[in-house]
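Student: Got a sequence here, can you build the structure:
(one chain, ligands or ions: 1)
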Amino acid sequence: MSEHFDVVVLGGGVVGASVAFHLTQLGCRRVLLLERGAIASGTSAQSSGILRTYYSVRPNVAVARAALAMFQDFKALLGDEEADCGYVRTGYLAVAPEGAMAEALRATVETQQALGIAARLVSRADAQAIHPWLNLDDIALCAHEAEAGFADPYLTATAFARAARRGGATIRQGTPARALLHEGGRVIGVRTDAGEVAAGAVVSALNVWSPVLRGWVGADIPCHASRHLVASFAADAPYTRAFPVLKDFASPLMLYSRPHAGAEILVGSGDAGDPVGDPDGGTGDIPMDWVAEVGEQLAHRMPRLAEHGRFGKAWAGLYDTTPDWNPVLGPAPGVGGLHLAFGFSGHGFKLSPMVGRMLAQAALALEPDLPLHPYRAARFAEGEWLTGAYGAGAVS
Ligand SMILES: Cc1cc2nc3c(=O)[nH]c(=O)nc-3n(C[C@H](O)[C@H](O)[C@H](O)COP(=O)(O)OP(=O)(O)OC[C@H]3O[C@@H](n4cnc5c(N)ncnc54)[C@H](O)[C@@H]3O)c2cc1C
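Tutor: Numbering: from 1, shown residues only. From the prediction side, this is the model:
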């Protein structure tokens, strides 16, 4: 093997790009990132880009809080005045009906507050003031997180990749990894069409393509792909960035929405999605029944859409889902030198800056700033699932 890298990162989505950046920031110079297509050409390109710390799973709150601070201070993090992740602070408003959802909302806010996050329960009148278009007749409890909002996954991933390159990393696009080379239970390199490179460690950030690791090194990869749809609608007035990200726990599809493209509403469903066998098999057509159903549920919450709502466009994307809808992060059991990052289950963008740092630290045998242990692959077998109050779906 003519080339040797301290760490090879597989996958140039927002997670892999973040790992590569953090590796260079931690002083590692011989870093190689392999991306089979272009940076951010995978599922990161399909993302709704919402940032929040609203999680019922406590470790997620801590990771999301640290990640949000990085989004907010992106230029300083990357040491580049030109860097832009597209962060827009709109706040996050969650509304819940009476019963289990209201209880989960109350508990979630308490968890956030315990970690010092500016989240609070708000009255329906306050919620209406934050979002004047809402019908809250069937809503019992509302919560608001002031610093939340959204950012741009393409800008974020490409900025991380550029900063990694400036820090000395080699980034090879159009270069799929074809196999991992291993010896004595340890990964020692990666094969591509251009040959083999030696690696001190490998961080795999292959998202829905992660199951390929089963064939390469026999790793247990509890991950399957599921298909999720997103649509945009316009009303009779611009839906500007003055409106918050909205989570509607009362809607049958558990809708989330946010301002989009200056004047539109982007909306997606928070359900379990449809299982997909082959992640490269295309994301399929958008059923108009789904558009009609989403439109109806959105119009229930924002009644002016019932008369004036217009469908814009829709797309489908893939989630890399694990049994508990939370990521697997850290060392691959039984395969020395291999670090895993998969299973973001539809909420990985908001975690990516901090997850990248934690994985880079682990790959360099440093203590991660926040514990990776809760996200270990063995948690399923050990019965320590990260099951949140919301079950299947991307809230967690
Ligand atoms: C519709 C939708 C909406 C979402 N909304 C949100 C949201 O609002 N907020 C949020 O936080 N998260 C959201 N997510 C989730 C979030 O976007 C993802 O968790 C995140 O982008 C995943 O990044 P990644 O780097 O793991 O994956 P990817 O971006 O998929 O990167 C993996 C990369 O690996 C590459 N690759 C595959 N095989 C190989 C190989 N053999 N060799 C080299 N490279 C390879 C692929 O080309 C790809 O670029 C959403 C996701 C979808 C689909």
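Student: Do I have it right that residue 226 meets residue 277?
Tutor: No. Judged on CB atoms under 8 Å, residue 226 makes no contact with residue 277 at a distance of 10.8 Å. The way it works is simple: take the backbone N, C-alpha and C, and place the C-beta from them, glycine included.
Student: neighbour-wise, which of those two wins?
Tutor: residue 226 (20 against 7; other CB atoms under 10 Å).
Student: quick one, what contacts the nearest residue to that one once chain neighbours are set aside?
Tutor: Of all residues not flanking residue 226 in the chain, residue 273 sits nearest, at 3.6 Å (CB to CB, 6 or more residues apart in numbering). Residue 273 sits next to 226, 227, 228, 319, 321, 346 when contact means CB atoms under 8 Å, 6 or more residues apart in numbering.
Student: likewise residue 153?
Tutor: 14, 40, 44, 45, 47, 49, 349.
Student: out of these, which touch the ligand?
Tutor: Filtering the contacts of residue 153 for proximity to the ligand by CB under 6 Å from any ligand atom leaves 14, 44, 47, 49, 349.
Student: Quick check: PyMOL command selecting the buried ones in the residues you listed.
Tutor: Burial among these is assessed by 16 or more other CB atoms under 10 Å; the matching PyMOL selection reads:
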select buried, resi 14+44+47+49+349
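Student: And residue 302, what's its pLDDT?
Tutor: Note for residue 302: predicted pLDDT of 98.
Student: what's the neighbour count on residue 282?
Tutor: Residues within reach of residue 282, counting by other CB under 10 Å, total 9.
Student: how about the strands in the stretch 1-150 of the chain?
Tutor: With strands called from DSSP state E, counting those that start in this stretch, the stretch 1-150 of the chain shows them at 3-10, 31-34, 50-51, 88-89, 92-96, 119-122, 141-145, 149-150.
Student: same for the fourth one, what does it pack against?
Tutor: Same thing as strand 88-89. Other elements packing on strand 88-89 under the criterion 3 or more CB pairs under 8 Å, 6 or more residues apart in numbering; DSSP states H and E are strand 149-150.
Student: ok, back up a step: between the contacts of residue 273, which is closest to residue 252?
Tutor: Residue 252 lies nearest to residue 228 out of the contacts of residue 273, by CB to CB, at 15.6 Å.
Student: So that closest one: helix, strand or coil?
Tutor: strand (DSSP: H, G, I helix; E, B strand; the rest coil).
Student: how about low-confidence regions in the stretch 201-350 of the chain?
Tutor: Judged by pLDDT under 70, the stretch 201-350 of the chain has no weakly predicted residues.
Student: for the ligand, what are the nearby residues on it?
Tutor: Within the stretch 201-350 of the chain, the residues that sit near the ligand (CB under 6 Å from any ligand atom) are 205-207, 209, 228, 230, 268, 317-319, 344, 346-350.
Student: How far away from the center of its chain is stretch 151-158?
Tutor: Mean-position distance between stretch 151-158 and its chain equals 12 Å (CA atoms, centre = their mean, to the nearest Å).
Student: Show me which residues of the stretch 51-200 of the chain sit near the ligand.
Tutor: So the stretch 51-200 of the chain meets the ligand at 153, 176, 177 (CB under 6 Å from any ligand atom).
Student: Tell me how far the first one lies from residue 349.
Tutor: Between residue 153 and residue 349 the distance is 5 Å, computed by CB to CB, to the nearest Å.
Student: Leaving out sequence neighbours, find the closest residue to the residue in the stretch 1-150 of the chain that the ligand sits nearest to.
Tutor: Going by CB to the nearest ligand atom, the ligand is nearest to residue 13 of the stretch 1-150 of the chain, at 2.2 Å. Once flanking residues are discounted, residue 13 sits nearest to residue 44: 4.2 Å by CB to CB, 6+ apart.
Student: so what's residue 72 up against?
Tutor: Going by CB under 8 Å, 6+ apart, residue 72 touches 87, 89, 147.
Student: Now do stretch 310-322: everything it contacts.
Tutor: 43, 46-47, 207-208, 210, 222-235, 264, 272-273, 276, 279, 283-284, 286, 291, 295, 328, 342-346, 348, 380, 394.
Student: Buried ones in that stretch, by neighbour count?
Tutor: Neighbour-count burial for stretch 310-322 flags 314, 316, 317, 318, 319, 320, 321, 322 (criterion: 16+ other CB under 10 Å).
Student: out of these, who's nearest the ligand?
Tutor: Nearest to the ligand among the buried residues of stretch 310-322 is residue 317, at 2.6 Å by CB to the nearest ligand atom.
Student: what's the burial count for the closest residue to the closest one other than its chain neighbours?
Tutor: Distances taken as CB to CB, 6+ apart put residue 46 closest to residue 317, at 2.8 Å, once the chain neighbours are dropped. Neighbour count of residue 46, defined by other CB under 10 Å: 15.
Student: go on, residue 289?
Tutor: 8.
Student: helix/strand/coil for the closest residue to residue 178 other than its chain neighbours?
Tutor: Counting by CB to CB, 6+ apart, residue 178 lies nearest to residue 191, which is 4.8 Å off, once chain neighbours are set aside. Applying three-state DSSP to residue 191 yields a three-state assignment of strand.
Student: Can you name the residues that contact residue 191?
Tutor: By CB under 8 Å, 6+ apart, residue 191 lies in contact with 177, 178, 179, 180, 181.
Student: just the helices in the stretch 1-150 of the chain please.
Tutor: Counting by DSSP state H, counting those that start in this stretch, one finds helices in the stretch 1-150 of the chain at the ranges 14-25, 58-72, 74-78, 100-114, 124-130.
Student: can you tell me which of those helices comes nearest to residue 252?
Tutor: Residue 252 lies closest to helix 100-114 among those, at 12.0 Å (CB to CB).
Student: gap between the closest one and the chain center?
Tutor: From the chain centre to the centre of helix 100-114 is a distance of 21 Å (CA atoms, centre = their mean).
Student: Please name every helix or strand in contact with it.
Tutor: Secondary-structure packing of helix 100-114 (3+ CB pairs under 8 Å, 6+ apart): helix 58-72, strand 92-96, strand 119-122, strand 141-145.
Student: Thanks again, I'm all set now.
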